[in-house]
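K.L.:
sequence first, predicted model second:
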Amino acid sequence: MAVGDVASARLAEIAARFGCPVETFLAAPDGVLDLLETEELLTLWSTIRQSQVRQRILDFVRCQAGGRMSAPEAAE
């Protein structure tokens, strides 16, 4: 089996495990950057324990997004 075939097979296996198409990993560099930034954002978010701080961050992000998303009803 050629090296390219092995790499393709491994990539297909990884994609299958993540439940996404192989093309997800072949996205344009901007797509990769978006994924890395999203991963960092979620990692940082998980370290914030204070609900008031999380709320301030959500308010800021909603403002930056131009208010396109409304706040969900409080479930607490």
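P.N.:
Done, it's in.
K.L.:
buried stuff in the helix or strand hosting Val6?
P.N.:
If you go by DSSP states H and E, Val6 is part of helix 3-18. Under the neighbour-count criterion of 16 or more other CB atoms under 10 Å, helix 3-18 has Ala15 buried. All C-beta atoms are positioned from the backbone trio N, CA, C, and that covers glycine.
K.L.:
list the contacts of it.
P.N.:
Contacts with helix 3-18, where a contact means CB atoms under 8 Å, 6 or more residues apart in numbering, come from 1, 21-22, 24-25.
K.L.:
quick one: that helix to chain centroid distance?
P.N.:
Offset of helix 3-18 from its chain centre (CA atoms, centre = their mean, to the nearest Å): 21 Å.
K.L.:
now the element after it, going C-ward?
P.N.:
Next element after helix 3-18 (DSSP H and E): helix 29-47.
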